[in-house]
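Colleague: Sequence and computational prediction follow.
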Amino acid sequence: MRRLLLTTVFVVLCGYGARTALAENVTVIRAARLLDVEAGQLISPAVVVVKGERIEGVGAAAVPPEARTADLGDVTILPGLIDAHTHLTLDVDKDWLLHEVTEGGPEMALRGARNARLTLGAGFTTVRDLSSAYFADTALAHAIDAGWVEGPRMIASGYAIGVTGGHADYTGFAPGILEVGPKQGIADGVDGMLEAVRYQTKHGARVIKICATAGVISFEASYSNQQLSDEEMRTVVEEAKRQGVKVAAHAHGAEGILAAVRAGVSSVEHGTGVSDETLALMEQKGIYLVPTAYVSSGGISREGLTPEQLAKAKAFDAAAQESHRRAFRSGVKIAFGTDAGCFPHGENAKEFVTLVELGMHPLEAIRAATVNAADLLGTPDRGVVAPGKLADIIAVPGNPLEDVKRLQQVCFVMKGGVVIKTPVP
């Protein structure tokens with residue numbers, strides 16, 4: 001039976017919703033196993049010493065005599081998971097196409113607060129959130145950092161940047177409704193791209209997202225035609241570099257993906273139709289693929305999609321799976337991302353199952369959501385359970401290397417030394 005045994009005066013209420021700040025107190029977390037994601041080894045028994053918001057030490061030799069103890073029992077300890085592609089302020093429900101005209105920034109931020117809590121409870125202590133209207137995502141990130149609401153650490157993009165009438169634009173409405181410009185990410189030409197990037201970073205964007213190509217849940221006839229020109233993509237990447245932020249490129253189709261890679265983006269999101277030549281170039285340049293494989297394998301919510309979008313989704317699914325299988329056999333770097341929002345938030349760990357089904361080893365899938373994602377995000381203070389790192393720690397029953405579905409059963413979550421979720425006895 002899973003159990004939580006706490007000694008001395010460290011008291012945690014059992015069940016989801018309990019919150020305990022450790023401040024500068026030293027606490028020892030014990031469990032049956034710890035997965036060293038870098039070495040690929042299980043360490044048994046597991047002993048992790050936490051002081052304040054950071055990991056003080058790993059192993060019995062690091063335990064001070066006065067430390068409080070949390071015994072989690074027959075579970076495996078892992079680093080907090082990282083999802084490099086979420087949409088916390090979005091839900092693809094029956095009315096999702098109308099959200100931009102029926103909701104404003106406050107409603108979207110509140111929607112995001114609910115989804116952030118679900119995501120954190122699922123064991124994802126950091127996310128990169130890729131596009132939101134009204135800067136609801138950057139507002140949510142600030143609120144989480146300030147402790148006003150509960151959620152994962154967020155690296156938010158503000159508006160996605162795309163061309164007029166493209167995947168990032170508000171299409172499908174009558175002329176005159178939601179006609180927007182560079183401040184809302186819709187831009188054309190070099191000057192428009194410069195303004196769009198600068199306005200996003202002005203309002204808190206810590207990553208820039210471009211829609212290099214068309215997409216599935218927008219109104220273009222194809223999901224894979226290139227939309228930003230090569231020059232426009234280069235302009236965004238160069239300006240983002242000056243601003244000190246990375247660029248993530250939504251990209252389907254061989255031509256658009258290759259153009260984004262040549263422009264120097266940090267990651268290709270989705271990657272449907274990527275050629276072997278482009279995969280080799282990505283490997284050479286150290287560009288990550290964020291496959292979002294679960295939504296690309298039928299996981300996308302169908303509710304609210306038009307018949308045209310459903311037809312695109314069907315064609316997209318088969319092409320994406322073939323592309324991802326080839327990518328996983330290549331040497332390209334993979335970072336974990338889900339496109340959560342296109343399916344219910346809190347179900348992010350379903351991505352692991354799809355990654356394994358498409359050819360990844362469970363350890364590689366876990367590395368994609370820890371050390372690899374931390375590298376992509378430029379956050380070296382997380383992604384492993386090691387001294388000096390943030391005390392972002394989770395636990396799951398059993399051994400996730402034997403059954404990756406265990407990662408859907410997160411029973412313990414600690415973020416920055418604060419217990420968010422504890423096992424129920």
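Modeller: Thanks, I have it.
Colleague: How about the residue in the protein that sits furthest from its center?
Modeller: Distance from the C-alpha centroid of the chain, by C-alpha atoms, centre = their mean, peaks at P65 (38.3 Å).
Colleague: per-residue confidence at that residue?
Modeller: Reading off the confidence values, P65 has pLDDT 82.
Colleague: How about V180?
Modeller: At V180, the model reports a pLDDT of 94.
Colleague: cool, the one 3 residues further on as well?
Modeller: The confidence metric pLDDT takes the value 98 at K183.
Colleague: And for the one 10 residues further on?
Modeller: Model confidence at M193, given as pLDDT, is 98.
Colleague: so where do the helices sit in the stretch 1-150 of the chain?
Modeller: Using DSSP state H, counting those that start in this stretch, the helices of the stretch 1-150 of the chain run over residues 99-102, 105-121, 136-146.
Colleague: can you put those helices in a markdown table and add mean pLDDT, distance to S218 and mean neighbour count?
Modeller: Placement of C-beta: from N, CA and C, glycine included. Output for the helices of the stretch 1-150 of the chain, formatted as a markdown table (pLDDT from 0 to 100; distance: least, C-beta to C-beta, whole Å; neighbours: other C-beta atoms under 10 Å):
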| stretch | mean pLDDT | distance to S218 | mean neighbour count |
| --- | --- | --- | --- |
| helix 99-102 | 79 | 13 | 14 |
| helix 105-121 | 96 | 18 | 21 |
| helix 136-146 | 98 | 19 | 21 |
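Colleague: and L72, which of these is closest to it?
Modeller: helix 105-121 (16.3 Å; C-beta to C-beta).
Colleague: contacting residues around that closest one?
Modeller: Contacts to helix 105-121, defined as C-beta atoms under 8 Å, 6 or more residues apart in numbering, come from residues 16, 83, 86, 88-91, 99, 103, 127, 132-137, 139-140, 143-144, 149-152, 154, 340-341, 345-346, 348, 410, 413, 415, 420-421.
Colleague: sorry, back to before: which of the helices of the stretch 1-150 of the chain sits closest to D381?
Modeller: Closest to D381 of the helices of the stretch 1-150 of the chain is helix 136-146 (C-beta to C-beta; 14.3 Å).
Colleague: from the chain's centre, how far out does the closest one sit?
Modeller: Centroid separation for helix 136-146 versus its chain: 16 Å, with C-alpha atoms, centre = their mean, to the nearest Å.
Colleague: cool, stretch 301-314 as well?
Modeller: Mean-position distance between stretch 301-314 and its chain equals 23 Å (C-alpha atoms, centre = their mean).
Colleague: So which residues make contact with that stretch?
Modeller: Here stretch 301-314 makes contact (C-beta under 8 Å, 6+ apart) with 92-97, 216-219, 221-223, 300, 342-344.
Colleague: at 10 Å what do you get?
Modeller: Applying C-beta atoms under 10 Å, 6 or more residues apart in numbering, the contact partners of stretch 301-314 are 91-98, 172, 214-224, 252, 295-296, 298, 300, 316, 320, 341-344.
Colleague: Can you select the buried ones among those residues for me in PyMOL?
Modeller: Selecting only the buried entries of the contacts of stretch 301-314 in PyMOL, with 16 or more other C-beta atoms under 10 Å as the criterion:
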select buried, resi 91+92+96+97+214+215+216+217+218+219+220+223+224+252+295+296+300+316+320+341+342+343+344
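Colleague: Please flag which of the contacts of stretch 301-314 sit within strands.
Modeller: Judged by DSSP state E, strands contain none of these.
Colleague: any idea how this structure splits into domains?
Modeller: Listed by automatic domain parsing, the domain ranges of the chain are 5-80+384-421, 81-377.
Colleague: where does the chain dip in pLDDT?
Modeller: For the chain, the stretches with pLDDT under 70 are 1-24, 304, 425.
Colleague: need the helices for the stretch 151-300 of the chain, in chain order.
Modeller: 189-202, 230-243, 254-263, 276-285.
Colleague: Mind putting those helices into JSON lines with mean neighbour count?
Modeller: Formatted as JSON lines, the helices of the stretch 151-300 of the chain follow (neighbours: other C-beta atoms under 10 Å):
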{"stretch": "helix 189-202", "mean neighbour count": "20"}
{"stretch": "helix 230-243", "mean neighbour count": "20"}
{"stretch": "helix 254-263", "mean neighbour count": "23"}
{"stretch": "helix 276-285", "mean neighbour count": "16"}
